[in-house]
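# I need the structure of the sequence given here:
(chains A, B and C)
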Amino acid sequence: MSDYTIIGKRMPRVDSRAKVMGKAKFTADLKLPGMLVGKIKRSPYAHARILNIDTSKAEALPGVKAVVTGKDTEGVKWGVFAYTRDQQFIQIEKVRYIGDEVAGVAAVDKETALKALDLIEVTYEELPAVFDPMEAMASETDLIHEDFPNNINIHVNIDTGNVDENFAKAHYIREDTYVAPEESYFQAEPYAVVARFDHEDCLEVWMPNGGPHMKSKPLSNAFKIPLHKVKVRKIAIGGAFGGRSEICPVDYICALLAKKTKRPVRIQFTREENTIGTRQGHAMITTHKTGVDKKGRVLARETTCYMDGGAYSSTGPIATSVPFLSMEQAYRMESVRYNGYRIYTNKPIRGMIRTHGRGFACGLDTQLDMIADHLGIDPVEMRLRNSRQPGEYTSTKSYVDSCAMDETIHKAVEKSGFKKKWGKLPPYHGIGIGTNSVQTGFPMGIRGGSQSFIKFNEDGEATVMSGVVDNGQGNDNMLIQIAAEELGLLPEDIHLVSADTETTSSDPGSYSQVSTFVGGHAVKIAAQNCREKLFKVASKVLKVEPDKLAAKNRLIFIKDDPEKSIPIRKVVRISLLNFNSVNAEGGYWPRVDMKREWVKNPYGQMCEAFSFGTTIVEVKVDPDTGQVKVLEATAAQDVGYALNPLVLEGQFEGSIAMGGQGGMLTEYHEWKDGRCINPTMLDYKLPLACDMPPKINNIIVESVDPKGPYGAKEAGMSIAMSAAQGYSAAVSNAIGVYMDSFPLTPDKILAAIKKKNHK
Amino acid sequence: MEKIEITLNINDKPCEVRVFPNDTLLEVLRDELDLTGSKESCGEGVCGSCTVHMDEKPVRACLTLAMEATGTRIKTVEGLANGDDLSDLQQSFIDHGAVQCGFCTPGMLMSADALLNENPKPDEKTVRMALAGNICRCTGYAKIVEAVGHAGNPQDHCPDCKTKE
Amino acid sequence: MRLPRFDYLEPENLKGALDLLSTHRDDAKILAGGTDLLVRMKKGLLKPKVLISLKALNELSYINEKNGYIKIGARTPIADIVASGLIKEEAHALFQACEKIGAVTIQHYRGTIGGNILQDNRCHHYNQSEFHRSGHQPCHKDGGKICYAREEADRCNSTCQSDGATALMALDAKITLSKINGERTVDLADFYTTDGIMPFAMESHELLKEIIIPVQIAESAYQRLAYRSAIDYPIVCAGVLLKRSDTQKNEIDDARIVVGAMGRSPLFLAQASFSLKGKKLNDTNAFKKAADASMDNASTFAVHNVGSTLEYRCAMVSQMVFQALKEAAQAAVAAKG
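Got it, this is the predicted structure:
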């Protein structure tokens, strides 16, 4: 057991009190003097040329303060990478999906703004639209973006080892194709933005975000104003799940309206806008070809994945790679060839999502189970024979330091009773296992690191500044726990200034599972540096060397003689009387391979640590209706070190809900000619309290990463993915059919049962 | 169309407010009375983020007209605590880690509060049914269900139940 | 989402409400619980000039039994029906159906039985925002000439997803419609037009006042399927009533099978129902046949417009009917004493 005071404890989150009182402010709760209501005019066509936009009637409507179109923009195109700059913030020439932004209005109230939208007359010439990625790729002429032949937005090619040779050596080879449609985030909070320009022409803006610094830079580019003039402010955020990482055109439009009207403007999305006008998860068609030796060890694998990327690039290069990366981290493969294609279609823009690549991952694990079946090996053994081990390199040459993948498998197997149940359950009652791995961070160049500042106040309390953002997962609490632990204070003594681009240094954001590992680490180092200064002063008073001191419960004391102590508050005052303020800085930059690039050079150190997770699920299927009842889910993850088990369990349970119960049973989008049929919470089926498995077993596995703060990596993400795999494996096991189309809705399950029984 | 002056009884206080007939109770709470604890997430009565009490019963504020709320007693999440003293339920949500992003929390609390007023010691199944009209995207509900079940009803086996002195 | 503008009227009693209705007619809509109406208004599917609230009409909120009939006021909250011992005993299918409406603790206090019966037909191409509908030709129900659910259909194929109506039709219920100078009572089965655009045979100045369920020596059951365990409309449902023979206690004297969420109205399946006449209460084979016949009949009405796949929904008609029949038969056997 550790001797930490605050780290590793079940600590209720510091932000909860304001939230249970209804006092926490989210973006839509903000009210600024003179604030206007903004609304967005969107394209009702999937693909059309804009012939004319007449805003005169809208502008003439009393109460309308501004109307903006593409003409009002600087024409800057947005893209996460230099080679993916394909999206204008307001379209000028053509629209590429139903929901594309064509104009914005600001008015005195919602009703007037909505009326103004109706009065904006846009003349379109409809163009042929394409909704199927394979059709889009086959087309030479109907291009969604002129400079992307065959509508191929991104092609990632990875080839390591001797794939062809190893296939030739393989004892058994299978090739199977798996499909999954789009899914969506459905963050509880619909997207919203508030923007204003202050008296010094600085843009001040609030919005849910996955990293404030990732918002400020594109805004500064778009407005052609210096970075320091864009102040993204901290605000409570109602979930992100990967979907709020980059700039949203509406951030820009809202700011543009504020600039034009010289008044604060608030734009609040409807639920439908949040679904179609932000990001969605990619639909994927994945073919895995796997060759194994007699023992089931993977010798060669060839994976080809076609991703429906929608109308613009978004995080395309990352999205095209991550499902592959998770696979190569989780499993050893002697050789592998990957071709990932992200294809433009006239559908909403796809980005990274918590369960990105569910069809890819579930397909891979289903195929492993099929191979195991053929070889007469059980699924657990099959995974253990291929699971990632510590001290190895991934196929693309990332060194894996800490890794307790096998321990997650063993512990989950034991807790769930897998061995006793496998092959022995009655008909239509099944159990399945899924394993996965997630990267702690992406290579992000100059934005890959985080820096924190800490200052002591004269009352002995400390203010911590950090660029880390809390999307709801508890990052604020994590930072406070770390600072309190290191400074020897109580959590209530720590005051956090975070996620504000004016006062905090750059931080990579929360969407690559990196907040603890990088941002938390920076706070830890800053706090240690600050503590060093305190110890220096205290050592003079206590008359021992600084290295003999420790801090806890607001006291600095002699380690070997804890009775001898001095309050930290007093140390601060002594320091101030000696002409020294107590403060410190600390930063952390993960040592990734700066030459690694998603498309051009997908080899080298990806990030410093990887998490590993196993989920085992037990289900019953009603053979008459195809309905699935989940009896129990067991989630085990190597988190490195659990900084706060209470918060971690919440991440695990949420991952089961989103990755498994929703992601594998009920959640998917339906379309009619590029029109999303189920953009609302009524029609998109998020799981409810009474849909969830009655029992979720959380198993925290700690490999204590040598580089992570306290050994911590990330928590929950490899459960979200492995939950999807565990759910699909369990259903397949229950019905005796290996499923290849996800999610596993009752109609598909019933059809599979019928087909099997007719054989 | 003219605004109409009505009086709403909110958290035991009379509030005079001028509304349009097409103003929902949620719009009036949030925009006119600055009670932004009640959230709009779906706007069509599905997600439960705007749940408030109307004469002790949970209702959707987004599908209730402000005009319809006259003559009733409305309670919002802001009315759960007694000043700075949290209710057992609120404290239980904090202690059990039932709050993540917090956007669904107010509605969740209002549904749970209505349940506990009728049934102070509900079993797990009853809690899940009572929360069936509130969607949470973060937690997977496990900690919320626990928090409601253990509110004012601490369980010895639970590491997160604090016995109140 | 913002509601369109309207005038809000709050009559003090039924007479006042009927007066207002006769004045405003097509311009007015009745507001009971608002759980269906206000959502449709927010989506711009209808823009009444006047809303007549039933808030003050406590006289329309009651459940009682008189002379062999259960009478339920149209404004009775779903919660009261679920809590009623009388309904649970004598109209079990209605109890089961109401339990499934919305979420137990929320919609049930606002939602009313009248509102549930009068909830408009649904279709996932029609029940969308104004923005969603703006980019293509309006469908039949939206004032146009296209059906997006069934190609080249010359009329609207919207689906009635009311749980309550399906159960009530199985229970052979009648409804009373009031207007300023009189009222009429009709079989619920005759209340439907088979027109998806305006599914109810009701005049604009009529108000649904009461639901009347005959108390019979019979057992009823209701089954439904949805994606989620709450806040979901059924994608298929079935209500059945089994009446025992007075002489042959083990025999079915009369049966009613009604399938919901498959057509423009709940579908009373006469042929399948009739096939059970004279059959034994434990004749599961007969139930299976009746269920399959129900599926064959109901399937001809359904289109792919309320989620899942059409094939699945059709297959599930048989399941829902079969399960409901089994349940009702078991109850009948148990009730035999």
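# make it CA atoms for all contacts and neighbour counts henceforth
OK.
# which residue is nearest the centroid of the chain?
Because you didn't say which chain, this covers chain A. residue A:242 (2.9 Å; CA atoms, centre = their mean).
# not quite, I wanted chain B
residue B:110 (2.3 Å).
# Can you name the element that comes right after the helix or strand hosting that one?
For residue B:110, the host element (DSSP states H and E) is helix B:105-118. Next in sequence after helix B:105-118, counting helices and strands by DSSP H and E, comes helix B:124-130.
# Tell me the pLDDT of whichever residue of chain B sits closest to chain C.
Closest to chain C within chain B is residue B:133: 4.9 Å, counting by CA to the nearest CA. Predicted confidence (pLDDT) for residue B:133: 96.
# Quick check: it is in a strand.
No. Per DSSP: H, G, I helix; E, B strand; the rest coil, residue B:133 lies outside any strand segment and is coil.
# which ones are touching it?
When contacts are counted by CA atoms under 8 Å, 6 or more residues apart in numbering or on different chains, residue B:133 touches A:688, B:46-48, C:102-106, C:230-231.
# right, and the residue nearest to the centre of chain B touches residue B:48 too?
No. Judged on CA atoms under 8 Å, residue B:110 makes no contact with residue B:48 at a distance of 9.3 Å.
# Spit out the residues that contact the two alike.
Counting by CA under 8 Å, 6+ apart, nothing touches both residue B:110 and residue B:48.
# Just the CA coordinates for the helix holding residue B:110, please, in CSV.
Written as CSV, here are the backbone C-alpha positions of helix B:105-118 (Å, rounded to 0.1, in the frame of the first residue of the first chain):
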residue,chain,number,x,y,z
THR,B,105,-27.9,15.9,-12.3
PRO,B,106,-30.6,18.4,-11.5
GLY,B,107,-33.3,16.5,-13.3
MET,B,108,-32.0,13.2,-11.9
LEU,B,109,-32.2,14.7,-8.4
MET,B,110,-35.7,15.9,-8.9
SER,B,111,-36.9,12.5,-10.0
ALA,B,112,-35.1,10.8,-7.1
ASP,B,113,-36.4,13.4,-4.6
ALA,B,114,-40.0,12.7,-5.7
LEU,B,115,-39.4,9.0,-5.3
LEU,B,116,-37.8,9.3,-1.8
ASN,B,117,-40.6,11.6,-0.6
GLU,B,118,-43.0,8.7,-1.3
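# Which strands or helices does that helix pack on?
Packing partners of helix B:105-118 (3 or more CA pairs under 8 Å, 6 or more residues apart in numbering or on different chains; DSSP states H and E): helix A:16-20, strand B:51-54, strand B:57-60, helix B:88-95, helix B:124-130.
# From residue A:752, how far out is residue A:759?
Computed as CA to CA, to the nearest Å, the residue A:759 to residue A:752 distance reads 11 Å.
# Residues touching stretch A:330-340, excluding its own?
Counting by CA under 8 Å, 6+ apart, A:154-163, A:166, A:298-307, A:320-321, A:324, A:386-388, A:394-395, A:405, A:435-437, A:612 sit against stretch A:330-340.
# give me every residue that touches residue A:124.
A:48-52.
# Among those residues, which are located in strands?
Members of the contacts of residue A:124 lying in strands (criterion: DSSP state E): A:48-52.
# Show me the residue sitting in the middle of chain C in space.
residue C:165 (2.1 Å).
# That one is in what secondary structure piece?
Assigned by DSSP H and E, residue C:165 falls in helix C:163-170.
# rewinding a little: mark which of the contacts of stretch A:330-340 are buried, thanks.
Those of the contacts of stretch A:330-340 that meet the buried threshold are A:154-161, A:163, A:166, A:298-307, A:320-321, A:324, A:386-388, A:394-395, A:405, A:435-437, A:612, by 16 or more other CA atoms under 10 Å in any protein chain shown.
# Return the angle between stretch directions for the helix or strand where residue C:239 lies and helix C:163-170.
Per DSSP H and E, residue C:239 falls inside strand C:236-244. Strand C:236-244 and helix C:163-170 are oriented at 30 degrees to each other (axes from the mean of the first three to the mean of the last three CA atoms, to 10 degrees).
# Please pull up the helix or strand immediately following strand C:236-244.
Next element after strand C:236-244 (DSSP H and E): strand C:252-260.
# Which SSE is immediately downstream of that next one?
Per DSSP H and E, the helix or strand that comes after strand C:252-260 is strand C:267-268.
# just checking, what packs against whichever helix or strand comes after that next one?
Next in sequence after strand C:267-268, counting helices and strands by DSSP H and E, comes helix C:270-274. Applying 3+ CA pairs under 8 Å, 6+ apart, we find helix C:270-274 packed against strand C:252-260, helix C:284-299.
# Which part of chain A gets nearest to chain B, residue-wise?
Taking CA to the nearest CA, chain A has residue A:472 as its residue nearest chain B, at 3.4 Å.
# Local confidence estimate at that residue?
97.
# Go ahead and confirm it touches residue A:237.
Yes. Shown here, residue A:472 and residue A:237 form a contact pair, counting by CA under 8 Å, at 6.2 Å.
# residues in contact with residue 109?
Here I'm looking at chain A. A:36-37, A:63.
# you looked at the wrong chain, it should be chain C
B:57-59, C:77-79.
# For it, identify the helix or strand it belongs to.
Residue C:109 belongs to helix C:107-110, assigned by DSSP H and E.
# just checking, next helix/strand downstream of that helix?
Next along from helix C:107-110, by DSSP H and E: helix C:113-117.
# Can you pull out the residues in contact with that following helix?
Here helix C:113-117 makes contact (CA under 8 Å, 6+ apart) with C:32-34, C:36, C:73-78, C:162-165, C:208-210.
# list the contacts for residue A:14?
Per CA under 8 Å, 6+ apart, neighbours of residue A:14: A:476-477.
# elements contacting the biggest helix by length in chain C?
Using DSSP state H to define each element, chain C has its longest helix at helix C:310-335. Identification of packing neighbours for helix C:310-335 by 3+ CA pairs under 8 Å, 6+ apart yields strand C:218-225, strand C:236-244, strand C:252-260, helix C:284-299.
# okay if I get the ones you listed as JSON lines plus distance to residue A:102, mean pLDDT and mean neighbour count?
Formatted as JSON lines, the helices and strands packed on helix C:310-335 follow (distance: least, CA to CA, whole Å; pLDDT from 0 to 100; neighbours: other CA atoms under 10 Å in any protein chain shown):
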{"stretch": "strand C:218-225", "distance to residue A:102": "41", "mean pLDDT": "97", "mean neighbour count": "26"}
{"stretch": "strand C:236-244", "distance to residue A:102": "40", "mean pLDDT": "97", "mean neighbour count": "30"}
{"stretch": "strand C:252-260", "distance to residue A:102": "42", "mean pLDDT": "97", "mean neighbour count": "26"}
{"stretch": "helix C:284-299", "distance to residue A:102": "43", "mean pLDDT": "97", "mean neighbour count": "20"}
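# Quick one: closest of those to chain B.
Of all these, strand C:218-225 comes closest under CA to the nearest CA, at 16.3 Å.
# Paired strands for that closest one, with orientation please.
strand C:236-244 (antiparallel) (DSSP bridges).
# Convert the partner strand to PDB, retaining C-alpha atoms only.
Extracted in PDB, the C-alpha atoms of strand C:236-244 (Å, rounded to 0.1, in the frame of the first residue of the first chain):
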ATOM      1  CA  VAL C 236     -45.300  -3.400 -32.300                       C
ATOM      2  CA  CYS C 237     -47.900  -4.200 -29.600                       C
ATOM      3  CA  ALA C 238     -50.900  -6.400 -29.100                       C
ATOM      4  CA  GLY C 239     -53.900  -6.300 -26.800                       C
ATOM      5  CA  VAL C 240     -56.200  -9.300 -26.500                       C
ATOM      6  CA  LEU C 241     -59.400 -10.200 -24.700                       C
ATOM      7  CA  LEU C 242     -60.500 -13.700 -24.000                       C
ATOM      8  CA  LYS C 243     -64.100 -14.400 -22.900                       C
ATOM      9  CA  ARG C 244     -64.900 -17.700 -21.400                       C
END
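# Point me to the residue sitting farthest from the middle of chain A.
Within chain A, counting by CA atoms, centre = their mean, residue A:543 lies farthest from the centre, at 49.6 Å.
# So residue A:698 belongs to a strand, correct?
Yes. According to three-state DSSP, residue A:698 belongs to a strand.
# All set, thanks.
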